[in-house]
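# Structural data only, the sequence is not supplied:
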């Protein structure tokens, strides 16, 4: 029989970490793309003393979607409630609660509650949401457990860096160059082929074959969130052997000299593949240097071509 009204479900997991530490990780949404596999990017729209509005871009059943949520944070009760303000079809309404319960000084239980309904109480839509909520909840809780329990060990494996180039041009022209990734094969020597889809404005799926120094090519797939002339955030979902996570963003900051264009990367190394890729004697430090160099080389090459493009466009526009 078809269900009318909201569906209520609960998932839980036990984590070997203090409850307060788990709460802090959940409360800091900027970390979500690194913690939760489905999350592509999160923007904090408004923030009060104990509440906030956020916009989330994430995958559900391998489809990228975005929505805004209102969250209430209670650090004393170790509880975070959330309610989607603008849901993505087939969701008509979605909300829930994170509840962190201390089991001991070093162990806690995390309960994730959801309530939701489909547009027009459509049974097919409800079944789709059931699958997405179950899949994402299990994925998020498992990732949360792994991330908290391995936090100390992962410190050496996780790092971020940024490359910047000053450009005598407009932020829009530089942004457009990065946004128009479907033209990268003709504009960037290290890009062999590109497959770009934009199922909704500002939300892209980018798959491309990139040439390495030795002439070989490797395929990557990323989801991108494009905020015009300001930022393009991405999460790579097809990863090279040395990485278990890669997120980043391009930013375009106007200044007196034109625009400062930057490329930021956050990566987590996969230690199991270091010896296979770099040799038996390779260390984590060797892997960090190798990955940093490879990503910086491509980023700076892209920024260099964006600089040529934007400055040429600005020169052509001058009287």
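Yep, it's here. What you see is a predicted model, and the numbers here were worked out from it, not measured in a lab. Numbers count the residues shown, from 1 in each chain.
# Quick one: mean pLDDT over the lengthiest helix in the chain.
Determined from DSSP state H, the single longest helix within the chain is helix 284-317. Helix 284-317 shows an average pLDDT of 91 in the prediction.
# helices and strands around it, which ones?
strand 158-167, helix 171-179, helix 184-187, strand 258-269, helix 274-278 (3 or more CB pairs under 8 Å, 6 or more residues apart in numbering; DSSP states H and E). All C-beta spots, glycine's among them, are computed from the backbone N, C-alpha and C.
# Dump those to JSON lines, plus mean neighbour count, mean pLDDT and distance to residue 36.
Listed next are the helices and strands packed on helix 284-317 as JSON lines, based on neighbours: other CB atoms under 10 Å; pLDDT from 0 to 100; distance: least, CB to CB, whole Å:
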{"stretch": "strand 158-167", "mean neighbour count": "16", "mean pLDDT": "96", "distance to residue 36": "15"}
{"stretch": "helix 171-179", "mean neighbour count": "22", "mean pLDDT": "96", "distance to residue 36": "25"}
{"stretch": "helix 184-187", "mean neighbour count": "15", "mean pLDDT": "95", "distance to residue 36": "28"}
{"stretch": "strand 258-269", "mean neighbour count": "20", "mean pLDDT": "96", "distance to residue 36": "13"}
{"stretch": "helix 274-278", "mean neighbour count": "15", "mean pLDDT": "96", "distance to residue 36": "25"}
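# possible to save the ones you listed as a markdown table with distance to residue 46?
Conversion of these to a markdown table gives the following (distance: least, CB to CB, whole Å):
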| stretch | distance to residue 46 |
| --- | --- |
| strand 158-167 | 26 |
| helix 171-179 | 24 |
| helix 184-187 | 35 |
| strand 258-269 | 24 |
| helix 274-278 | 43 |
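# And the nearest residue to residue 294 once chain neighbours are set aside, how close does it get to residue 222?
Closest residue in space to residue 294, ignoring its immediate chain neighbours: residue 212 at 7.9 Å, by CB to CB, 6 or more residues apart in numbering. Per CB to CB, to the nearest Å, residue 212 is found 18 Å from residue 222.
# From the chain's centroid, how far away is stretch 262-273?
13 Å (CA atoms, centre = their mean, to the nearest Å).
# contacts for that stretch?
34, 154, 157-165, 239, 241-251, 253, 284, 287-288, 291, 295, 299-300, 302-303 (CB atoms under 8 Å, 6 or more residues apart in numbering).
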